[in-house]
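# Structure for this input, please:
(chains A and B)
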Number of protein chains: 2
Amino acid sequence: MSSGISPNLALDQEVARLRAAGERVLHLGFGEARLPLPAGLVRALGEAAGHTAYGPVAGRPEVLAAVAGYHRRRGLPTEGGQIAVAPGSKPLLMALVAAVEGDVLLPRPAWVTYGPQARLMGRRAWGVDIPPECGGVPEPDALARTLERIREQGRRAGLLVLTLPDNPTGTLAPPEIVDRVCEIAREADLTVVSDEIYRDLLHDPATGFRSPAEVAPERTVVTTGLSKTHALGGWRIGSARFPAGDRGERLRARVLATASEVWSSLAGPLQSVARYAYDEPPELTAHVARGARLHADVTRAVHRVMTDAGARCRTPGGGFYVYPDFEPAREVLAAHGAVDSASLERVLLERAGVAVLGGHHFGDDPHALRFRAATSLMHGATDLQRRTALDADDPTELPHIRRELEQLAQALTKLTA
Amino acid sequence: MSSGISPNLALDQEVARLRAAGERVLHLGFGEARLPLPAGLVRALGEAAGHTAYGPVAGRPEVLAAVAGYHRRRGLPTEGGQIAVAPGSKPLLMALVAAVEGDVLLPRPAWVTYGPQARLMGRRAWGVDIPPECGGVPEPDALARTLERIREQGRRAGLLVLTLPDNPTGTLAPPEIVDRVCEIAREADLTVVSDEIYRDLLHDPATGFRSPAEVAPERTVVTTGLSKTHALGGWRIGSARFPAGDRGERLRARVLATASEVWSSLAGPLQSVARYAYDEPPELTAHVARGARLHADVTRAVHRVMTDAGARCRTPGGGFYVYPDFEPAREVLAAHGAVDSASLERVLLERAGVAVLGGHHFGDDPHALRFRAATSLMHGATDLQRRTALDADDPTELPHIRRELEQLAQALTKLTA
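Numbers count the residues shown, from 1 in each chain, chains lettered A, B, ... in the order given. Have a look, this model is predicted:
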């Protein structure tokens, strides 16, 4: 296995070093939501110190009940016995890969961690191109063809990972594509992981959300967590909802077996935080809604900057990412030494002071001129700036955010004009 | 892989169910230290809510510096750059297995999790019998023979795991055996993991402690955590100290690569707790010392009960376990249906209300009549009882502990007399 750390975490550390050395870097390279911390979350943590004992591997019953309620409010009938919480959704995703025999199917591009996790657990991963309209799901016909190829090689596919809304493209797959992908998954008897960690950050609350767990409830595991919605990445709180019934119970038992050998349980005090947050008290949902609006405003503004600079770029619909394709500017970019996604990433950082992650980190064609820009660190460097952004009618008009948007526009103009 | 959770966590959940149903179970089946929580740890957690950002995978620099100081005070020159913290030592142990190619060598018996972790990562595990005088290390000649057998099979050994003091035997390997084992490890170019999570719970503070990291510093990783010493199992705080130099740096980079894909980092607030605890302020070391004395008193008393009941049992030297061998009582036990360690475990629970873990869970010969008794849950069912036990000159004379010792003696007499 590689001895490099996950590229997003690595780039975050690199930007911290550059800034410490006095460089002015626009950090679009890391999907960290930074928002002011609501008082209720601080209180929940402070009151939870008594939970020093090892508890159930899946989590304490009242915590599981809270997560089940969260899913019920989103139209999925759920009991606490279908839930597990963990230190982030990453370890749950790893344990799911370990629990399901066979090859792993991923959208291409997909979040940086799915592929390395598959390799860590000795699984082969197949990337399947996404449709023109959205990411996070494979294009259905391409998925069918890949399954055929897997069978021809005498192999078996086991797990299909979907991301709704998506990282890196920031788009949400529409219901009709989710339906078709789930139909194929059922025919091929795949287990579906629906990574819905950005689900509560839809840019338009009226957007219809179709979860694979509604379409293929018997085979779909939904993972989520508090890192994005509640800007709590550093607290490492994730959860999984397993299918009801035999198949789901077996799968959950296997995941908990791995959990018991690798992380035992989510830390007791953080389980108390999870309970509070998944119960969705009104003061917290209001905060989350404001955060979602802020992400939408800033991400749409970044999308405009990208298309103004000549990129093709899917319109974002959730989360805080855009995924531009600078193919239309290939010739001018080549003059700057940017001829593929790795060199484009390097040129952007070194010549223009903009940190992004090249598409190759997401399993995408390395020759393409694509990258992911994360907009979530643009809300401000200080808690006061972020609080102002959260409260602003139009955050993109705030001086500190406008300055960053202009820095980005100028950097791209410099390289593409 | 198995779909059962780790047997110690499973038994703990089973005992909770039996007790909820009104059964009076003496719980010697789970290595959970339960002690009153020092105010300083509560304070450290409460003050740490601000750490919501993803930070460095290894841990924040000030946290790593604190862990380095902990090791320096134990005679190991250490810089922060050699340290990583994690949600428990389990994930670090898993990542170490993933980081080192080749088969895994374990003492037999050994802690329940090492073997399943090796299998999870696709590694073959070899159990090597322990010496008559102590556990936690393989008997040196047996280790040499096993290495020979591995070579004869065309395989390669990569990792040797030692436990000092040991779980399940509760003994500490003496310096001369540690020296011989390290010499063999160097000749075979093994990486050594020295699991020292019970190190600060020596029964006699004057006991000489020889860490493999002193003997084979270039190849030894020391893992530890706050679960046992500070009775903080539910907070999931572990750490690893890597060798200085190239080999150590490569190993740490590989472990951090896995960390970045599986758990990202230890949760920010718990890193603050780790910093406070590893700094070892006087109020905390006094508390730890009292806890170690309590563990020593109760564990020695349980050891006496075992030998009085006719078992052979190594004298415990650290931690809170004894590992009796009831071979001398084989005939009488057979009359009760206890003919191997699985049936002995069952008979003890069902006929005598005593929960222990049979030796087979630790990789030991399943035909032997051995089990591990954990004494750490005998200090009391309430915080007041545990506080009283911590302050008592002779805790084994306290009514609630004396009652449990008598319940154990009667249960064993019933089966072995």
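
# Please, where are all the strands along the stretch 251-400 of chain A?
Applying DSSP state E, counting those that start in this stretch to the stretch 251-400 of chain A gives strands spanning A:321-322, A:354-355, A:357-358, A:371-374.

# now for the longest one, which elements pack on it?
To tie it back to what came earlier, the one meant is strand A:371-374. Packed against strand A:371-374 by the contact rule (3 or more CB pairs under 8 Å, 6 or more residues apart in numbering or on different chains; DSSP states H and E) you find strand A:321-322, helix A:341-352, strand A:357-358. C-beta coordinates here come from the backbone N, C-alpha and C atoms, glycine included.

# And the strands in the stretch 51-200 of chain A?
The residue ranges that make up the strands of the stretch 51-200 of chain A, judged by DSSP E, counting those that start in this stretch, are A:83-86, A:103-108, A:125-129, A:157-163, A:191-195.

# what's the closest of those strands to chain B?
Distance to chain B, taken as CB to the nearest CB, is lowest for strand A:83-86 among the strands of the stretch 51-200 of chain A, at 8.9 Å.

# before we move on, back to that, looking at the strands of the stretch 251-400 of chain A, which is nearest to residue A:266?
With distances scored as CB to CB, the stretch of the strands of the stretch 251-400 of chain A nearest to residue A:266 is strand A:371-374 (25.7 Å).

# for the closest one, what is the average pLDDT?
The predicted model assigns strand A:371-374 a mean pLDDT of 98.

# Quick one: distance of it to the chain centre.
In terms of CA atoms, centre = their mean, to the nearest Å, the centre of strand A:371-374 is set 12 Å apart from its chain centre.

# Can you list the strands that it pairs with?
Using DSSP bridges, the strands paired with strand A:371-374 are strand A:321-322 (antiparallel), strand A:357-358 (antiparallel).

# I'd like those as CSV, with mean pLDDT and distance to residue A:328 appended.
Listed next are those as CSV, based on pLDDT from 0 to 100; distance: least, CB to CB, whole Å:
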stretch, mean pLDDT, distance to residue A:328
strand A:321-322, 98, 16
strand A:357-358, 97, 17
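
# would you list the ones you listed in TSV and tack on mean neighbour count?
Below are the strands paired with strand A:371-374 laid out as TSV (neighbours: other CB atoms under 10 Å in any protein chain shown):
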stretch	mean neighbour count
strand A:321-322	28
strand A:357-358	25
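
# mind listing what the residue in the stretch 101-250 of chain A that chain B sits nearest to touches?
Closest residue of the stretch 101-250 of chain A to chain B, CB to the nearest CB: residue A:234 (3.8 Å). Listed by CB atoms under 8 Å, 6 or more residues apart in numbering or on different chains, the contact partners of residue A:234 are B:51-55, B:265, B:267-268.

# residue ranges with poor pLDDT in the stretch 301-417 of chain A?
Nowhere does the stretch 301-417 of chain A drop to pLDDT under 70.

# The stretch 1-150 of chain A now?
Residue ranges of the stretch 1-150 of chain A with pLDDT under 70: A:1-3.

# what does it put close to chain B?
A:1-6, A:9-10, A:12-13, A:30, A:32, A:34, A:37, A:41-42, A:45-46, A:48-57, A:87-88, A:90-91, A:94, A:98-99, A:113, A:116-117, A:120, A:122 (CB under 8 Å from any CB of the partner chain).

# Would you list the buried entries among those?
Listed as buried from the residues of the stretch 1-150 of chain A next to chain B are A:5-6, A:9-10, A:12, A:30, A:32, A:34, A:37, A:41-42, A:45-46, A:48-49, A:51-57, A:87-88, A:90-91, A:94, A:98-99, A:113, A:116-117, A:120; burial here means 16 or more other CB atoms under 10 Å in any protein chain shown.

# Point out the residues in the stretch 301-417 of chain A that sit beside chain B.
So the stretch 301-417 of chain A never meets chain B (CB under 8 Å from any CB).

# ok, and the closest non-adjacent residue to residue A:163?
Closest residue in space to residue A:163, ignoring its immediate chain neighbours: residue A:136 at 4.0 Å, by CB to CB, 6 or more residues apart in numbering or on different chains.

# Kindly report the same for residue A:12.
Counting by CB to CB, 6+ apart, the residue nearest residue A:12 is residue A:30, at 4.3 Å.

# Tell me which residues touch the one you found, please.
For residue A:30, the contact set (CB under 8 Å, 6+ apart) comprises A:8-9, A:11-12, A:15, A:355, A:374, A:376-377, B:54.

# for residue A:129, same thing?
Neighbours of residue A:129 in contact, by CB under 8 Å, 6+ apart: A:108, A:138-139, A:142.

# Among the contacts of residue A:30, which one sits closest to residue A:71?
Nearest to residue A:71 among the contacts of residue A:30 is residue A:376, at 24.7 Å by CB to CB.

# Quick check: chain neighbours aside, which residue is closest to that closest one?
The nearest residue in space to residue A:376 (CB to CB, 6+ apart) is residue A:320, at 4.2 Å.

# repeat for residue A:24
Of all residues beyond its chain neighbours, the one nearest residue A:24 is residue A:353 (5.9 Å), with distances taken as CB to CB, 6+ apart.

# I'd like the distance between the one you found and residue A:408.
Counting by CB to CB, to the nearest Å, the gap from residue A:353 to residue A:408 is 10 Å.

# So for these two, which sits in the more crowded spot?
Between residue A:353 and residue A:408, counted using other CB atoms under 10 Å in any protein chain shown, residue A:408 has the larger neighbour count: 25 against 17.

# Give me the pLDDT value at the residue nearest in space to the middle of chain A.
Closest residue to the average C-alpha location of chain A: residue A:167 at 4.5 Å, with CA atoms, centre = their mean. pLDDT for residue A:167: 97.

# contacting residues for it?
Residue A:167 neighbours (CB under 8 Å, 6+ apart): A:31, A:111, A:136, A:198, A:319, A:321, A:372.

# what kind of secondary structure is residue A:229 in?
Under DSSP: H, G, I helix; E, B strand; the rest coil, residue A:229 falls in the coil class.

# ok now stretch A:77-87, how far from the chain's centre?
20 Å.

# swap in stretch A:405-417?
With CA atoms, centre = their mean, you get 26 Å for stretch A:405-417.

# swap in stretch A:369-385?
Going by CA atoms, centre = their mean, where stretch A:369-385 is centred and where its chain is centred differ by 15 Å.

# One more: stretch A:125-144?
With CA atoms, centre = their mean, you get 17 Å for stretch A:125-144.

# next one: stretch A:349-359
20 Å.

# Check which residues of that stretch are buried.
By neighbour count on 16+ other CB under 10 Å, the buried set for stretch A:349-359 is A:349, A:352-359.

# got it, and stretch A:201-212?
For stretch A:201-212, a neighbour-count test (16+ other CB under 10 Å) marks A:201-203, A:209-212 as buried.

# And it, how far out from the chain middle?
How far stretch A:201-212 lies from its chain's middle: 15 Å, per CA atoms, centre = their mean.

# follow-up on the earlier one: okay, the strands of the stretch 51-200 of chain A, which one's buried deepest?
strand A:83-86 (a mean of 29; mean count of other CB atoms under 10 Å in any protein chain shown).
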